[in-house]
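1. What follows is a predicted structure for the sequence shown.
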Amino acid sequence: MDLLFRPAHELHRLLRRREVGARELAEAFLARLDAVEDKVKAFVTVTRKLALEQAAAIEVRLARGEELSPLAGLPLALKDNLCTRGLRTTCSSRMLAEWVPPYSATVVERLAEAGMVLVGKTNMDEFAMGSSTENSAFFPTRNPWDLERVPGGSSGGSAAAVAAGEVVYALGSDTGGSIRQPASFCGVVGLKPTYGLVSRYGLVAFASSLDQIGPLTRDVTDCALVLQAIAGHDPRDSTSAPVPVPDYVAALGDGRLAGLKIGVPKEYFPPGIEPGVRQAVERALGYLEEAGARCEETSLPHTPYALPAYYLVAPAEASSNLARYDGVQYGYRTEAEDLRQMYRRTRRLGFGAEVKRRIMLGTYALSAGYYDAYYLKALKVRRLIKEDFDRAFGRFAVLVTPTSPTVAFRLGEKIADPLAMYLSDLFTIPVNMAGLPGLSVPCGFSNGLPVGLQIIGPPFSEALLLRVGYAVEQAAGCAGRWPALEVGSDG
Ligand code: GLN
């Protein structure tokens, strides 16, 4: 039986009916990993032994006739900035290359309770700074649809692992697009939840007011299932929101969106957008109308300022969060003659170029004399961006946009030009700046490469986003189409 590209909800049914065993499932995915991982390079750490042990435990529970939760026994991957007790958590940085956390992130604990089978920790841009996974200190990850292209980033390893059939689903983190953009590039579903819906406890911080953890999955139903498992209040994260968690799967509906008002912000269709992306998104607007929704053009006038404001706020917070990597408290240290030299050399050798660039930008923006002109100004712009969205949600239930202006680009294409790289998050960054949820759903292809549609809603509207995403998925017919990645050929 071909198990690899089935969504979680189908595999759960097979497990429950005893048509497949948990061990058989884990072995099938590990065999797939053995066959494709040399090409894709999605993983920093593979936890084969752990996966088989966890699968054996599920097997015992199945044999006893226990009721299993919907994700039990389904192989998954975690981005390597999610702390896993006793298991190396690197952030794809030399700084943390050998760091073993003494505790697990709340999301990891929740998945463990749900019966997780962990296949490994995935590659990422160092400290989640980047859009292509090329900023990993270890190696770049490749896009399973075209091995000469990037998988997106920073959660590129997680997106590629799902698209390549190495796991059923994965978790990533999204500060300015790092779940949605790689989901779009790899043809998977990716959700950045509302700020505060999912606990950040145990997520290595990049920019604390923007970071959120979320799922990367094969389809929208799986996205609802994974969100269900990880969402909800956590007293260990002071920014975690004490809100009720609805039944996301029940809310998916039947693909009909009668009377739903959808706004299409014109700032998200600039002249530079790739024609194939524009066409796929316009087709998706057609699907939404056929499902009964009404799409209407609107405007979010402060959109052009989101990217520059983000590149002040995010580096400012990063410069503060990354101060702790000093050679004393965590991970990597170089020997030196005195303490100051030790700090300096540790940070020079431990961090890569992009991380250092962000620390310098952030330190500058926060320094006396520049604080008002840069950081404080950026916070004011952030407020205006939020107010644009508030106004739009007075008229529209959700907004739809392309997830990224392009499909996956070539390895090396943007790495020498940080500004070109930053632009690939043009459409995802405003959502983090406003603390909103954003869902990327595959909506078509451009030259054989996947295109993602982004659906944005008001705070805590995940159930509605998933319902709209489900309707697009039903109509677009992309679910079930996966990269060939011919094993044994050159792709
Ligand atoms: N690419 C953006 C950046 O480099 C967003 C990264 C992210 O969401 N973690 O900051």
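-> Perfect, I can see it now. Numbering: from 1, shown residues only.
2. Pull out the buried positions in the helix or strand hosting Y343.
-> Take DSSP states H and E as the rule and Y343 turns out to sit in helix 339-350. Of all the residues in helix 339-350, those buried under the rule 16 or more other Cβ atoms under 10 Å are M342, Y343, R345, T346, R347, G350. Every C-beta, even on glycine, is put in place using the N, C-alpha and C of the backbone.
3. ok, the fifth one to the ligand distance?
-> When Cβ to the nearest ligand atom, to the nearest Å is the yardstick, R347 and the ligand sit 19 Å from each other.
4. now do V189
-> Distance of V189 to the ligand, computed by Cβ to the nearest ligand atom: 17 Å.
5. who in the stretch 101-250 of the chain is up against the ligand?
-> By Cβ under 6 Å from any ligand atom, the part of the stretch 101-250 of the chain that sits against the ligand consists of A128, M129, G130, S131, S154, D174, T175, G176, G177, S178, F206.
6. give me every residue that touches the third one.
-> What it means is G130. G153, S154, E354, M421 (Cβ atoms under 8 Å, 6 or more residues apart in numbering).
7. A55 contacts L118, doesn't it?
-> No: using Cβ atoms under 8 Å, A55 is not in contact with L118; the gap is 10.1 Å.
8. so how far does stretch 364-374 reach from one end to the other?
-> 9 Å (Cα to Cα, to the nearest Å).
9. Buried residues, that stretch. List them.
-> Y364, A365, L366, Y374.
10. quick one, what contacts G444?
-> Contacts of G444 by Cβ under 8 Å, 6+ apart are Q279, A280, V281, R283, A284, P450, V451, A476, C478.
11. again, but for P101
-> Counting by Cβ under 8 Å, 6+ apart, P101 has contacts C83, T84, R85, G86, L87, T89, G202.
12. Can you turn the buried part of those residues into a ChimeraX selection?
-> Per 16+ other Cβ under 10 Å, the buried members of these correspond to this ChimeraX selection:
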select :83,84,87,89,202
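13. And the furthest pair within the contacts of P101?
-> G86 and G202 (13.2 Å; Cβ to Cβ).
14. can you redo the contacts of G130 as JSON lines with neighbour count, distance to E10 and pLDDT?
-> Formatted as JSON lines, these follow (neighbours: other Cβ atoms under 10 Å; distance: Cβ to Cβ, whole Å; pLDDT from 0 to 100):
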{"residue": "G153", "neighbour count": "33", "distance to E10": "29", "pLDDT": "97"}
{"residue": "S154", "neighbour count": "34", "distance to E10": "29", "pLDDT": "98"}
{"residue": "E354", "neighbour count": "18", "distance to E10": "39", "pLDDT": "97"}
{"residue": "M421", "neighbour count": "23", "distance to E10": "37", "pLDDT": "91"}
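15. Now intersect the residues of the stretch 101-250 of the chain next to the ligand with the strands, please.
-> D174 (DSSP state E).
16. Was I right to think P140 contacts V150?
-> Yes: applying Cβ under 8 Å as the test, P140 and V150 come out as touching, 7.1 Å apart.
17. so how far is the helix holding Y343 off the chain centroid?
-> Offset of helix 339-350 from its chain centre (Cα atoms, centre = their mean, to the nearest Å): 31 Å.
18. Which residues outside that helix are in contact with it?
-> 93-95, 325-327, 331-336, 356.
19. for stretch 359-375, same thing?
-> Counting by Cβ under 8 Å, 6+ apart, 311-320, 322, 351, 378 sit against stretch 359-375.
20. tell me which residues in the lowest-mean-pLDDT helix or strand in the chain are buried?
-> Ranked by mean pLDDT, DSSP states H and E, the helix or strand of the chain with the weakest confidence is helix 418-423, at a mean of 89. Applying a neighbour-count criterion of 16+ other Cβ under 10 Å, one finds M421, Y422, L423 buried in helix 418-423.
21. what's the answer for stretch 240-256, then?
-> S240, A241, V245, Y248, V249, L252, G253, G255.
22. any chance of those residues in JSON lines, with secondary structure and pLDDT too?
-> Converted to JSON lines, the buried residues of stretch 240-256 look like this (DSSP: H, G, I helix; E, B strand; the rest coil; pLDDT from 0 to 100):
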{"residue": "S240", "secondary structure": "coil", "pLDDT": "98"}
{"residue": "A241", "secondary structure": "coil", "pLDDT": "97"}
{"residue": "V245", "secondary structure": "coil", "pLDDT": "97"}
{"residue": "Y248", "secondary structure": "coil", "pLDDT": "98"}
{"residue": "V249", "secondary structure": "coil", "pLDDT": "98"}
{"residue": "L252", "secondary structure": "helix", "pLDDT": "98"}
{"residue": "G253", "secondary structure": "coil", "pLDDT": "96"}
{"residue": "G255", "secondary structure": "coil", "pLDDT": "95"}
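23. Spell out the residue ranges of the helices in the stretch 201-350 of the chain.
-> 220-230, 275-290, 306-321, 339-350 (DSSP state H, counting those that start in this stretch).
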